[in-house]
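Undergrad: next one to model:
(2 chains)
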Amino acid sequence: MLTARRRVVATAVVLTGSLLLASCGDSDSGSSDGKTLRLWHYEAPNSAMGVAWAEAIKEFEATHPGVQVKFEEKSFEQIQKTAQMALNSSDAPDILEYNKGNATAGLLSKQGLLTDLTAAATKRGWDKKLSAGVRTTSVYDANGVMGSGKWYGVPNYAEYTMVFYNKALFAKYKIAEPKTFGELTAAMDTFVKNGVTPLANSGGEYIAQQYVYQLALSKADRSWVDAYELYKGKTDFHDAAWTYAADTFADWVKKGYIGKNTSGATAEQAGVSFLQGKAPILFSGSWWYGRFQDEAKFDWGTTLWPDSNLTLGSGGNLWVVPKNAKNKDLAYDFIDITMSKKIQNLLGNKGGVPVAADASAITDAKSKELIANFNTLSGRDGLAFYPDWPVAGFYDVLVSETQKLITGSEKPDAYLDALQKAYDKGAPKQ
Amino acid sequence: MTVTVERDARVVGKDHGSRPSRRPRTSYALFLLPGILAFLAVVVLPFVMNTYVSFTDWQGVGSPTWSGLANYRELMDDSEFWASFRHSLFMVVAMAAVPTVIGLVLAAALFDYVGKHFGSRVAAVLRACFYLPQVLPIAVAGIVWSWILAPDNGSLNALLNAVGLGSWQQDWLGDPDIALYSVMGVMVWVQIGFPLVVFMAGLQRVDPQLYEAAELDGAGWWRRFWHITLPQIRPETYVVLTWCSIAALKVFGAVYVLTKGGPGGATNVPSYFSFTTFFEKTQVGYGAAISTVLTVIILALSLVGLKLQTRAEDAEEGARA
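TA: Presented below is the predicted three-dimensional model:
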C-alpha cells in the first residue's frame, strides 16, 4: 500500500509526465498508407492560384480513387514563421506551398528539411516545362543558394511587377500613357501640379522597397543581380545603381510623387488607394491582376517599367515536399496535375501567369496581355527576383530603413550604409 | 481523502502540546501540487531551455552550436535592442503610470461623486464602460485604432478637419516623431479600466467613518482624497503599478497590430524585437538572449515591487501597533 508521501510523489510524476507530453504537442502524424495526401497552401480561394489548386485537388481525387486529400488552409505568415518547426516534426504534411528564395526555401533545403526532387523533376518532365528564369528558384546548392544544385521545389506559375495605371485619371489630366522613363516622371509632375499624389505606396510593407529596387534595376544588369542575389561577386550598396535608387526615391518623396504619409501604410492600403481612384499609378506585382480585373470600376492598363530591361519577378511560390513526408509519390502526382494543361489554362484565365499553359486556350483579353508581357520579360531574361531574398530577415530591414527614407529621418547615404551592414552580416562570406 | 485521514491520525497521535497542527499545511500542499507542476512544465522548463539556447548559435533546427556569451556581448552593443528597451520605458509610462493616476482619480470620482449623486448602478455602468477595452482582444482594438489613426481617411484626422483644426492633422502611426506617442495613447485607453476596477474595489473597504470625520473637520474632497483615499488603497496601488509595469515590458500585440515596430523602428519593443529575431531572421540563439534578458528584468522588477509592497504594509502595521 502506498504511503501518503509516495502517493504525492507518484501523483507528481504522473502529472509532470502528462504536462511534459502535452507541451510536446500531439503526435498525430498522419498515415503513411498511400491513402491520404496531406496538403497545405495559403492562396486565397478566389485568387487565380486558389481556384486552380482547388480544381487540382478535385482532379487528384478523381484520378486517385480511394485516396483522400486532407487540405489545410494556412496563412502565408503562419507557414513562413512556423514551417521550420512543423517540417522538423513528424506532423509534416506530404506537400506544401512555400516561399521561394535563399532566405526561405533555400534555408530549409540547407537544413535538410526538404526532399531532393531532382529525380522526380527529370522523370516527370518538370525540368522541361519551366524556363530558365523560372527554374532559378527551384534549385538550391548545398549552402541554400538558389540558381544551381538540386531541385527542392516546383513553381506552377510565375509573377512579375508592372506599372498599373488608371486610364481615366490619365485622360482627365490629358496625360498620354508613359512609354519612357522621362514620360513617366513628366506624367507624375502633371499629377502633382494638379494636387494628386501619383504613386500608390506602402512603407509598412513591401511596396516601398520594391520601388527602390526597381530604380536600382533600371541601372543594373544581370551580373549585378547575380552578385546581389546569388553572391556571384561583391555587392556594394554605394555603387551607381543603389545610389541612384536611394537618391531618386528620396527625391520623389520631396517632389510629392510619393506621399510622406505612406510610411506606415500597408500594401492593402496602397492597392485600395489605386482601386478607389486616389492614386493614378501603382507599381506592384501580377498578384494584384485578378483582383483589379474583378474590382476596378475604371479602365486601367499596365506597362512594364519603362527604360529597364530588368524588373522584379520570378517563378511563383513553390510546391515543396518535406523530408518527413509520408506519401511522397502522391505528392509528386499532385504536382504533375498542377502542371497539366487543364490546370495551367485555368490559372491563366483567372488572372495568373501560368508556366506551362496552352497559349491558344487563354481567352480573356486582359489575361492575354498579362501573359504576353511576361513572355517579353522572360524572353529577355528580365526577372530579377526580389530585394529581400538574399538575407534572412532582410525584409524587415528594408521596410524599416525605407520608412526612414520616406519620413526624411535618414539620408540616402545612411540608408545605404544600413542596408550594407545588414546584408554583409547575413550573406555568406565571399 | 485517505491521505488526509492517515496524516490526521499520525499527527493527532504525536501532537500533545499547543503547537499549531501541521495537518492543514501538508494537506494544502497536495492542492498546490498541480499548480506547481504546471508552473514547472510551462514556465520553468521552457525558461531553462530558452536560457540554454541563448548561449548557442542556432537557426531553430539542426544542432545548436555552443557560443558562450557571444549573444549577450552582441546584445550589449546592439543599438536596436537598447532603442527597443527605451521604448519599453515609454510604454511603462503609458501602461502603468498614466493609467494608475487617471484610474485613481476616476475611481474616486465614480465612488465619491457619481455613486452618491446618481446611484451605484450608474457608477457600475460607467465602470464597465471604462473596463471594456480590457475585454476587447488587442488585435480587434488595434485594427480599429489603426483605422481611426489612418492618415488619409482616418476618423481622428477627419474630426480635426471638421472642427477647424485641419492643421493638427498628422500621420499618427507613420511619423517617427509621433508614432510612439500614438501607440502610448492607445495603450492608455486600453489600460485605464484595470486600475479603475481594482481601485473601486479597494475603496469599498475604506472605513466610511474616516471620511465622515474628515468632513466634520471641514476637509474638502481633495484633502480627503490625498490624506485618506491614497494611503488607504496603497496596497492596491502597488499591485496595479507592478502588474501594469510588467504588462508594459511584455507588450507585443499592440505594436504588432498597429505599427510592426515602425516606422523605422520608432515603436520597436523588446518582445517584438525578439519575435522578429526568432522568426524573421531565424537567429534563434540571439532571440533567446533577448527574451532571457527581458525575463530577468521583469523578474527583478516584480521582486522590487513585491518588496516595496511588503515593506509598506509592514510599516503600516507597525504604525497601527
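
Undergrad: around the residue lying closest to residue B:305 once chain neighbours are set aside, count how many other residues there are.
TA: Closest residue to residue B:305 apart from its sequence neighbours, by CB to CB, 6 or more residues apart in numbering or on different chains: residue B:242 at 3.3 Å. Using the backbone N, CA and C atoms, a C-beta is placed for each residue, glycine as well. Residue B:242: 19 surrounding residues under other CB atoms under 10 Å in any protein chain shown.

Undergrad: mean confidence score for the helix or strand hosting residue B:242?
TA: Using DSSP states H and E, residue B:242 maps to helix B:234-250. Average pLDDT, helix B:234-250: 91.

Undergrad: ok, residue A:261 touching residue B:174?
TA: Yes - with contacts defined as CB atoms under 8 Å, residue A:261 counts as touching residue B:174 at a distance of 5.8 Å.

Undergrad: okay, these two: which has more neighbours?
TA: Taking neighbours as other CB under 10 Å, residue A:261 and residue B:174 compare with residue B:174 leading, 28 against 23.

Undergrad: tell me the spacing between that one and chain A.
TA: Here the criterion is CB to the nearest CB, to the nearest Å. By it, residue B:174 lies 3 Å from chain A.

Undergrad: what's near enough to touch the residue nearest to that residue when sequence neighbours are not counted?
TA: Counting by CB to CB, 6+ apart, residue A:264 is the residue found nearest to residue B:174 once chain neighbours are left out, at 3.1 Å. By CB atoms under 8 Å, 6 or more residues apart in numbering or on different chains, the contact list for residue A:264 reads A:203-204, A:403, B:151, B:171, B:173-174, B:179, B:259, B:262-263.

Undergrad: spell out which residues of the stretch 301-430 of chain A are next to chain B.
TA: Taking CB under 8 Å from any CB of the partner chain as the contact definition, the stretch 301-430 of chain A meets chain B at A:392-393, A:395-396, A:399-401, A:403-404, A:406-407, A:409-410, A:426.

Undergrad: tell me the one of those residues nearest residue A:255?
TA: The closest of those to residue A:255 turns out to be residue A:406 (CB to CB; 13.0 Å).

Undergrad: so which strand or helix has that closest one?
TA: Per DSSP H and E: helix A:394-407 holds residue A:406.

Undergrad: what lies in contact with the helix holding residue B:242?
TA: Counting by CB under 8 Å, 6+ apart, B:88, B:91-92, B:94-97, B:99-100, B:103-104, B:187, B:191, B:194-195, B:198-199, B:201-202, B:230, B:270-271, B:294, B:297-298, B:301-302, B:305-306, B:308-309, B:312-313, B:316 sit against helix B:234-250.

Undergrad: weed out the non-buried ones from those.
TA: B:88, B:91-92, B:94-96, B:99-100, B:103-104, B:187, B:191, B:194-195, B:198-199, B:202, B:270-271, B:294, B:298, B:301, B:305, B:309 (16 or more other CB atoms under 10 Å in any protein chain shown).

Undergrad: keep only those of those that are in strands.
TA: Using DSSP state E, no member of these sits in strands.

Undergrad: show me how far stretch A:214-233 is from its chain's centre.
TA: Distance, stretch centre to chain centre, for stretch A:214-233: 18 Å (CA atoms, centre = their mean, to the nearest Å).

Undergrad: okay, and the helix or strand of chain B with the least pLDDT?
TA: Of all the helices and strands that make up chain B, helix B:2-14 has the lowest average by mean pLDDT, DSSP states H and E, namely a mean of 40.

Undergrad: say whether chain A is contacted by the following helix or strand past it.
TA: Going down the chain from helix B:2-14, the next helix or strand is helix B:23-39, by DSSP H and E. Yes - Helix B:23-39 lies within reach of chain A by CB under 8 Å from any CB, at B:29-30, B:33-34, B:37-38.

Undergrad: show me what contacts the residue in the stretch 301-430 of chain A that chain B sits nearest to?
TA: Closest contact between the stretch 301-430 of chain A and chain B, by CB to the nearest CB, is at residue A:393 (3.0 Å). Neighbour list for residue A:393: A:103, A:422, A:426, B:276-277, B:280-283 [criterion: CB under 8 Å, 6+ apart].

Undergrad: apply 10 Å and report the result again.
TA: Counting by CB atoms under 10 Å, 6 or more residues apart in numbering or on different chains, residue A:393 makes contact with A:103, A:422, A:425-426, B:276-277, B:279-283.

Undergrad: narrow the residues you listed to just the buried residues.
TA: Buried among the contacts of residue A:393 (16+ other CB under 10 Å): A:103, A:422, A:426, B:276-277, B:279-283.

Undergrad: what does the stretch 151-300 of chain A have sitting close to chain B?
TA: The stretch 151-300 of chain A comes close to chain B at residues A:197, A:203-205, A:259-266, A:269, A:272-273, A:276, A:278, as judged by CB under 10 Å from any CB of the partner chain.

Undergrad: buried members of these into PyMOL, please.
TA: Provided next is the PyMOL selection string for whichever of these are buried by 16+ other CB under 10 Å:
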select buried, chain A and resi 197+203+204+205+259+260+261+262+263+264+265+266+269+272+273+278
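
Undergrad: now intersect the residues of the stretch 151-300 of chain A next to chain B with the strands, please.
TA: Among these, no member falls in strands (DSSP E).

Undergrad: so which of the residues of the stretch 151-300 of chain A next to chain B sit within helices?
TA: A:269, A:272-273 (DSSP state H).

Undergrad: packing partners of the longest helix belonging to chain B?
TA: If you go by DSSP H, chain B has its longest helix at helix B:284-320. If you count contacts as 3 or more CB pairs under 10 Å, 6 or more residues apart in numbering or on different chains; DSSP states H and E, helix B:284-320 packs onto helix B:45-54, strand B:56-57, helix B:70-76, helix B:79-92, helix B:230-232, helix B:234-250, helix B:270-279.
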